[in-house]
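Q: A structural model of the following input is requested.
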Amino acid sequence: MKICIPVETSSGMKSLVYGHFGSAPYFAIYDMETKGLEIMKNDDAHHSHGMCHPLGSLDGKSINAVICGGMGMRAIGKLNEAGIKAFRASSGTVEDTVRQFSENKLEEITTDGACGAHGCH
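A: The predicted structure follows:
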């Protein structure tokens, strides 16, 4: 299983989780099986609110879940349509988030819990 964690910097496992999915400067792609980590720049970070293209931003990476502080209803819907679940991790590092995810301690974000504006979390 591969998880995508939007992050503030490209500092590997010490990168901090970013508060919002679409505007994150980087994405950390972590493979739960191999323990491999790839950090990639978000080329769509400066989109207009509500105009996030989550799968396009991830450059065709095969992921199963996205873990971040929050995201809008459209992004959740697009991810869910592609069979990708979204989970909330308000703070911490990639390392912390991977551990919490593996322990099933993260809340799934549904369209009912979506952000309505960038100040939602």
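
Q: when you work out contacts or count neighbours from here on, use the C-alpha atoms and nothing else.
A: Will do.

Q: residues contacting Gly69?
A: Residues in contact with Gly69 (CA atoms under 8 Å, 6 or more residues apart in numbering) are 17-21, 88-91, 121.

Q: quick check on those residues: which are buried?
A: 17-21, 88-90 (16 or more other CA atoms under 10 Å).

Q: and stretch 73-88, what's buried?
A: 73-77, 79-80, 84-88.

Q: out of those residues, which sit inside strands?
A: Judged by DSSP state E, the buried residues of stretch 73-88 include 85-88 as members of strands.

Q: which one of these sits closest to Lys2?
A: Nearest to Lys2, judged by CA to CA, of these is Lys85 at 11.3 Å.

Q: with adjacent residues omitted, what lies nearest to the closest one?
A: Ala65 (4.7 Å; CA to CA, 6 or more residues apart in numbering).

Q: quick check: that neighbour touching Pro6?
A: No: assessed by CA atoms under 8 Å, Ala65 is found out of contact with Pro6, at 11.3 Å.
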